[in-house]
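# how would this look folded up:
(chains A and B)
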Amino acid sequence: NAGVMQNPRHLVRRRGQEARLRCSPMKGHSHVYWYRQLPEEGLKFMVYLQKENIIDESGMPKERFSAEFPKEGPSILRIQQVVRGDSAAYFCASSRTIKETQYFGPGTRLLVL
Amino acid sequence: KNEVEQSPQNLTAQEGEFITINCSYSVGISALHWLQQHPGGGIVSLFMLSSGKKKHGRLIATINIQEKHSSLHITASHPRDSAVYICAVRSVIGQGGSEKLVFGKGTKLTVNP
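As a prediction, the model looks like this:
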């Protein structure tokens, strides 16, 4: 059973470009969470999704950020018009139910030049 | 003030020493997680607990719900235990209304041979 997969592992973008981060949950997991880890800071919750539904996006910046988890395919975290402050590690986690352990992916390290 | 506080922030030990990392939280929780983040950045879930004590190999995690406190112990520490250890609580917090993980800032452990 493959773990949570994220790609790309590293992403470099120039200011103003779009960043698209992908997350494939573990097999059998329908709950997906995105977290951001800014340099020298702790992890922060961004968004919680189930298949085709956003359950809680209270941690997402109001502008430029969006997330989806379609019926088929990976969950996508999309950042439009990136700025330097978006440089961070973005982790995805999945779980079978909300009460069970979350398993983390390896993260995508985004660098905005 | 953060909802989850860890101490110490940094910890250096000699191989073989007994290690204790502490976590205090100020919100109501349904579960507490201990995570390990290695220098490469990957995050591994070590424990999820809501009461009492759990043991896995040389690692022991305890939680006192009344005192809102948890400890992670490592017996017979080894250089390969060097990592950042993160405490996270699952709580209904923020505007979204769902349970989500709230993270401490982590304890950086270095075990010297």
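
# look up phi and psi at the most centrally placed residue in chain A.
With distances taken as Cα atoms, centre = their mean, the residue of chain A nearest its centroid is A:W34 (3.8 Å). Backbone dihedrals for A:W34, given as degrees, to the nearest 10, come out at phi -110, psi 140.

# where exactly do the strands run in the chain?
I'll assume chain A. Assigned by DSSP state E, chain A shows strands spanning A:5-7, A:10-13, A:19-24, A:31-37, A:43-50, A:53-56, A:65-68, A:75-79, A:88-95, A:103-104, A:108-112.

# that answer is for a different chain, and I need it for chain B
For chain B, the strands defined by DSSP E occupy B:4-7, B:10-14, B:19-25, B:31-37, B:43-49, B:52-56, B:59-64, B:69-74, B:83-92, B:99-103, B:107-112.

# worst mean pLDDT among those?
In terms of mean pLDDT, the lowest-scoring of the strands of chain B is strand B:99-103 (a mean of 90).

# can you tell me the strand partners of that strand and which way each runs?
The strands beside strand B:99-103 in its sheet (DSSP bridges) come out as strand B:83-92 (antiparallel).

# just the angle between the partner strand and strand A:31-37, please?
Angle, strand B:83-92 to strand A:31-37, by axes from the mean of the first three to the mean of the last three Cα atoms, to 10 degrees: 130 degrees.

# residues of chain B that sit close to chain A?
Proximity of chain B to chain A (Cβ under 8 Å from any Cβ of the partner chain) is limited to residues B:30-31, B:33, B:35, B:41-45, B:48, B:86, B:88, B:94-106. C-beta here means a position set from N, CA and C on the backbone, and glycine is covered the same way.
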